[in-house]
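Chemist: What follows is a predicted protein model with its sequence.
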Amino acid sequence: QHGRKSHHHYTEYTNEFRADILARHKLLQGLNCAIDEQQLVLALQPKVRLSDESVVGFEALLRWKLPSGEVVSPGAFIPIAEMSGLINKVDNHVFHLTLAALEQLEQQQIHVPVSFNVTVSDLENDSFVDEILQFALSASPLAKLLEIEITESQAMEDYQRIKPILKQLMSCGVGVNIDDFGTGYSSLKHIAELGATHLKIDQTFVAAMMQNEAGNDVVDIIIRLGHRFNFTVVAEGVETIAQRERLQQLGCQVGQGYLFAKPMELPQLLAWLTDKNLISLKS
Ligand code: C2E
Ligand code: MG
Ligand code: MG
Ligand code: MG
């Protein structure tokens, strides 16, 4: 009786497991086609100076638009792409979409940096890094406007291998954002010597900041740490005026979040910039 029951559970588990593998496989196939069929588009989210909400940059965030019109968010496919290696193809595509976005912004006289997200395996791919370096060292007026974002946990996981690559990118003028900071396990030694350009406070800390003294103090300490080591500190997920004011009190200069703007595709972004009087769209 007992043995039969566990056998039954085992079968159920296997079927579920198989269904899961199939679902992932389908998703990866779909994603692969999505690149070729131009279903991958960028949404750009402004980063603003907290004191006056002036735009200091944009982050490129990937969106997968299915032919049905449904939009798949990166949380649903990036982790699976990361496990398969397809992420490198995806991120290479995102790099080119980012360059195109930089050009389109430049045509509207918007001359600010745009960051795109990379995974650690992208940085271990020499030809991809070379492509980025080539652009950064080119004569293009946009060459100095490219930034990357890498999560703290990924940058620190294989720090000794990643450090020289990040240093090389920075020495060629590519800004480096340490993303989701506070959720990984950085050693202070690494943070001190890395000298990356931007530190992005993870949005969970921004949310916890208003909840109690400890939450406040964590953000306070991250901001001090960042400034002490010459990072520009960027707060992610700023949703309320109270958060914005607290961040300013704590000395944080740049924010990103729904309070200022959601990630927008280029046409919508250009309309938003027009509203802000940053560009005048000619009809
Ligand atoms: P991330 O780089 O930390 O990006 C910030 C995420 O927070 C974005 O979600 C953004 O839409 C969201 N966000 C911005 N402001 C607010 C706010 O005020 N409140 C809340 N609740 N959320 C806010 P998104 O676009 O879904 O991206 C999720 C993650 O997927 C990104 O986190 C990034 O790690 C990854 N990702 C996105 N695009 C790419 C890509 O092209 N390549 C790679 N490798 N990863 C990507
Ligand atoms: Mg990011
Ligand atoms: Mg982040
Ligand atoms: Mg994140």
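Modeler: That came through, no problem. Ligands and ions are numbered 1, 2, ... in the order given.
Chemist: contacting residues for the closest residue to ligand 2 within the chain?
Modeler: As assessed by CB to the ion, ligand 2 sits closest to Glu149 within the chain, at 3.9 Å. Using the backbone N, CA and C atoms, a C-beta is placed for each residue, glycine as well. When contacts are counted by CB atoms under 8 Å, 6 or more residues apart in numbering, Glu149 touches 59, 115-118, 177, 179, 200.
Chemist: who's it bridged to?
Modeler: Asn117, Asn177 (DSSP bridges).
Chemist: related to what we said a few turns ago, with distance to Asn92 and neighbour count as extra columns, can I get the contacts of Glu149 in CSV?
Modeler: Converted to CSV, the contacts of Glu149 look like this (distance: CB to CB, whole Å; neighbours: other CB atoms under 10 Å):
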residue, distance to Asn92, neighbour count
Glu59, 18, 25
Ser115, 16, 28
Phe116, 10, 25
Asn117, 13, 20
Val118, 10, 27
Asn177, 19, 27
Asp179, 19, 26
Lys200, 23, 28
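Chemist: near ligand 3, from those?
Modeler: Among the contacts of Glu149, the residues within reach of ligand 3 (CB under 5 Å from the ion) are Asp179.
Chemist: Show me which of the contacts of Glu149 is closest to Asn88.
Modeler: Lowest distance from Asn88 to these (CB to CB) belongs to Val118, with 9.5 Å.
Chemist: and the helix or strand hosting Asp91, which residues are buried?
Modeler: Asp91 is part of helix 86-107 when elements are defined by DSSP states H and E. Neighbour counts over helix 86-107 (16 or more other CB atoms under 10 Å) mark 86-88, 90-95, 97-99, 101-102, 105 as buried.
Chemist: now swap in stretch 207-217 and tell me
Modeler: Neighbour counts over stretch 207-217 (16+ other CB under 10 Å) mark 207-209, 215-216 as buried.
Chemist: For the residues you listed, please prepare a markdown table with the additional fields secondary structure.
Modeler: Shown next, in a markdown table, are the buried residues of stretch 207-217 (DSSP: H, G, I helix; E, B strand; the rest coil):
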| residue | secondary structure |
| --- | --- |
| Ala207 | helix |
| Ala208 | helix |
| Met209 | helix |
| Gly215 | helix |
| Asn216 | helix |
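Chemist: wait, which of those residues is closest to Ala76?
Modeler: Nearest to Ala76 among the buried residues of stretch 207-217, counting by CB to CB, is Ala207 at 21.6 Å.
Chemist: so what's that closest one up against?
Modeler: Neighbour list for Ala207: 237, 239 [criterion: CB under 8 Å, 6+ apart].
Chemist: Next to ligand 1, which bits of the stretch 51-200 of the chain? Give me the list.
Modeler: 61-62, 73-75, 78, 87, 91, 94, 116-119, 149, 179-180 (CB under 6 Å from any ligand atom).
Chemist: change it to 8 Å
Modeler: 59-63, 73-75, 78, 81-82, 87, 90-91, 94, 116-119, 122, 149, 151, 179-180, 200 (CB under 8 Å from any ligand atom).
Chemist: if you skip the residues just before and after it, what's nearest to Val118?
Modeler: Leaving out its chain neighbours, the residue that sits closest to Val118 by CB to CB, 6 or more residues apart in numbering is Ile148, at 5.0 Å.
Chemist: same check, this time on Glu193
Modeler: Closest to Glu193 by CB to CB, 6+ apart is Lys163, at 7.9 Å.
Chemist: Now the one you found: which helix or strand?
Modeler: Going by DSSP H and E, Lys163 is in helix 159-171.
Chemist: near ligand 3, which residues of this protein show up?
Modeler: Counting by CB under 5 Å from the ion, the positions of the chain adjacent to ligand 3 are 179-180, 236.
Chemist: Could you identify the helix or strand that succeeds the helix or strand hosting His25?
Modeler: In the assignment (DSSP H and E), His25 maps to helix 2-36. The helix or strand immediately downstream of helix 2-36 is strand 40-49, counting by DSSP H and E.
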